[in-house]
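Colleague: give me a model of this one.
(one chain, ligands or ions: 2)
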Amino acid sequence: MEQVNNSALAVEMSGISKSFGSFKALDNVDFSVRKGTIHALLGENGAGKSTLMKILYGLYTKDSGEIRIKGEPCEIKNPKQAIGQGIGMVHQHFMLVENMTIAENIVLGNEVTKSFDRLDQELMNRTILEFGEQYGLEVDPEALIMDVSVATQQRVEILKALYRDADILILDEPTAVLTPQEIDSLILTMRRLVEAGKTVIIITHKLKEIMASSDYCTIIRRGRVIDTVKVQDVTEKDLANMMVGREVMLTTDKEEAKPGEVIMEIRNLTVKDNRGLEKVRDLSLTVRKGEILAIAGVDGNGQTELIEALTGLRKTENGEILVNGRHIENGLPLDAHRAGIRTIHEDRHKRGLVLDFQVGENLILESYKRSRFSGLFRFLSWRKINDYSNNQIDRFDIRPAGCAMQKAKELSGGNQQKVIIARTVEQEPDLLLACQPTRGLDVGAIEFVRNALVEQRDQGRAVLLISYELDEVFDLADRINVIYNGQIVADLLPQETDEQAIGLLMAGGTA
Ligand SMILES: Nc1ncnc2c1ncn2[C@@H]1O[C@H](COP(=O)(O)OP(=O)(O)O)[C@@H](O)[C@H]1O
Ligand SMILES: [Mg+2]
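Modeller: Residues are numbered from 1 along each chain as shown. Ligands and ions are numbered 1, 2, ... in the order given. Now for the predicted structure:
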């Protein structure tokens, strides 16, 4: 960043280092933010973004380095001191009291009282509504936290910081939990905050949002600052390359598909959800060898129930599912497995991994019975399993290197997904179901996962991709089926349509 007068800086962190045990999470980091700007902190999962901001907010103590706030040197030992300096932080995981109202949560610990120590409800509600209007953070002060959406809870967290007079707001991955519309609205709020003279630091690994919202961006990689840039001077691709440390492809390279015989045929399938509502209605589709069929649709149009029916996790009401000519409707998960289906589940914590198992154990979850993993008397051979795991960890670049004995829950999201991919493709499935396979991953990991799917296709496997993101659909699909209200409403080739047309179909319109 060009030299600026110190009084123009809201935050100056210099020479910050921090280790956890022998692991150096931050190495001599310099980070300065100008007053009245939106400043993005960009980095892959595990780069050290949250750690740096937790130091600023007094949640972690730095090992070395200096902090100045609005030009003044200061030691921030706890969040109370940070709040005293006008710093507010909205965490990745919200910290609200579920059974209290929005207003109660906002004022908690900072209550305004009238005579006899009674809470001044009216003043409280009025203040909250005023803030809401000024910054586009409308909430119902009387609603209980447990009854409101995640987006609203996030507004409450921001209001809470504003209520404590924060003029430097740190938002840690605020968009990870939001829909596209909610993201637009958050960006608008950030703009209004800086118009009112506040400073916003946003942690993210999503390039589009930085381009759309931020003035400056600092890129950190493995605990070191790579650069601070003015966002208008760079492209998405520049940011991606700096973040990952190599040339990253934002679109996946692939040849034209050579579809072969039909692997799966679904005929007139109807599936109900837990409440007994028909979520998949008379749905038919086919997937062939050597093609990626993408199902485009808005979340909640039957995708989850469809996958559950295909994997033996949910009963079907009507219709047939044929895989390699075998009926698997109303079968067990094992029947789907035997028919040649492997799945990358939407919820990798619930369905993809046993989080408390080691990485090595997770890598062999579906194949531990194979003779290659057994030793004397057919007992599992941990030596063989370890050799195999370490090999896979290398091949799939699962980090940290040599993590075979580490618990799966200790890995970052991207690396957890690599464990699942490694396990899945190793079994050479006939049909790979990939549900939201890149959700929450950074660009480096996204590139990896997408290439892996194309590679599977090129090896002649059938891939059924379920994605809520049109970017991903267009990047990967050889054919697109649009799902709306439980039915396939269009079967199109990507080259004969575009995002607008598909978006319209996804919303129930006609092309
Ligand atoms: N409290 C902690 N104890 C041990 N290691 C930690 C702790 N907090 C973070 N780390 C490690 O420091 C690195 C950076 O983490 P973090 O700052 O959360 O990354 P980011 O927010 O960029 O994804 C990671 O390798 C993480 O495992
Ligand atoms: Mg983080």
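Colleague: any buried residues in stretch 394-407, and which?
Modeller: F396, I398, R399, C403, A404, K407 (16 or more other C-beta atoms under 10 Å). For the C-beta atoms, the positions are set from N, CA and C on the backbone; glycine is no exception.
Colleague: residue numbers of the chain in contact with ligand 1?
Modeller: Applying C-beta under 6 Å from any ligand atom, we find that the chain lies next to ligand 1 at F20, A25, G43, N45, G46, A47, G48, K49, S50, T51.
Colleague: buried ones among those residues?
Modeller: A25, G43, N45, G46, A47, G48, K49, S50, T51.
Colleague: all helices for the stretch 301-450 of the chain, in order.
Modeller: For the stretch 301-450 of the chain, applying DSSP state H, counting those that start in this stretch gives helices covering 303-310, 333-338, 359-363, 382-395, 413-426, 443-458.
Colleague: which non-adjacent residue is nearest L26?
Modeller: Excluding the flanking residues, the one nearest L26 by C-beta to C-beta, 6 or more residues apart in numbering is K18, at 4.3 Å.
Colleague: relative to ligand 1, how far out is the most centrally placed residue in the chain?
Modeller: Note on the chain: the residue nearest the mean C-alpha position is G440, at 1.7 Å, using C-alpha atoms, centre = their mean. Taking C-beta to the nearest ligand atom, to the nearest Å as the measure, G440 and ligand 1 are separated by 11 Å.
Colleague: can you give me the distance of the closest residue to L470 other than its chain neighbours to L505?
Modeller: Excluding the flanking residues, the one nearest L470 by C-beta to C-beta, 6+ apart is E499, at 5.0 Å. Note on E499: its distance to L505, by C-beta to C-beta, to the nearest Å, is 11 Å.
Colleague: same question, S381
Modeller: 52 Å.
Colleague: likewise for E291?
Modeller: 20 Å.
Colleague: ditto for R288
Modeller: In terms of C-beta to C-beta, R288 sits 22 Å off from L505.
Colleague: so these two - more neighbours on which side?
Modeller: Using other C-beta atoms under 10 Å as the criterion, R288 and L505 rank with L505 on top: 21 against 18.
Colleague: chain neighbours aside, what residue packs nearest to whichever residue of the stretch 401-511 of the chain sits closest to ligand 1?
Modeller: Nearest residue of the stretch 401-511 of the chain to ligand 1: S412, at 6.5 Å (C-beta to the nearest ligand atom). Closest residue to S412 apart from its sequence neighbours, by C-beta to C-beta, 6+ apart: N45 at 3.7 Å.
Colleague: hmm, A445 and that neighbour touching each other?
Modeller: Yes. Counting by C-beta atoms under 8 Å, N45 touches A445, with 7.3 Å between them.
Colleague: which residues do the two both contact?
Modeller: G413, G414, N415 (C-beta atoms under 8 Å, 6 or more residues apart in numbering).
Colleague: OK, contacts around the first one?
Modeller: Right, the one you point to is G413. So G413 contacts N45, R348, G440, L441, A445 (C-beta under 8 Å, 6+ apart).
Colleague: could you measure from it over to S19?
Modeller: For G413, the distance to S19 equals 23 Å [C-beta to C-beta].
Colleague: OK, contacts around I466?
Modeller: Contacts of I466 by C-beta under 8 Å, 6+ apart are A294, I295, G297, Q303, L306, I307, E346, L433, A434, C435, Q436.
Colleague: where's the dip in pLDDT among those?
Modeller: For those, the model is least confident at E346; its pLDDT is 87.
Colleague: neighbours of that one, how many?
Modeller: Other residues close to E346 by other C-beta under 10 Å number 20.
Colleague: what residues are bridge-paired with the spatially closest residue to it that is not a sequence neighbour?
Modeller: Distance criterion C-beta to C-beta, 6+ apart; nearest residue to E346, sequence neighbours excluded, is C435 at 4.1 Å. Note on C435: beta-bridge partners I466, judged by DSSP bridges.
Colleague: hang on, C435 packs against Q303?
Modeller: Yes. C435 lies in contact with Q303 (C-beta under 8 Å); the separation is 7.3 Å.
Colleague: in CSV, list the buried residues of stretch 394-407 along with pLDDT.
Modeller: Formatted as CSV, the buried residues of stretch 394-407 follow (pLDDT from 0 to 100):
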residue, pLDDT
F396, 90
I398, 91
R399, 87
C403, 93
A404, 94
K407, 95
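Colleague: and those residues, which two are the farthest apart?
Modeller: Largest separation among the buried residues of stretch 394-407 by C-beta to C-beta: F396 and K407, giving 17.8 Å.
Colleague: isn't V280 right up against L306?
Modeller: Yes. Between V280 and L306 a contact is recorded at 5.1 Å, counting by C-beta under 8 Å.
Colleague: with distance to I466 as added columns, please give the helices of the stretch 301-450 of the chain in a markdown table.
Modeller: Formatted as a markdown table, the helices of the stretch 301-450 of the chain follow (distance: least, C-beta to C-beta, whole Å):
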| stretch | distance to I466 |
| --- | --- |
| helix 303-310 | 5 |
| helix 333-338 | 16 |
| helix 359-363 | 22 |
| helix 382-395 | 25 |
| helix 413-426 | 15 |
| helix 443-458 | 12 |
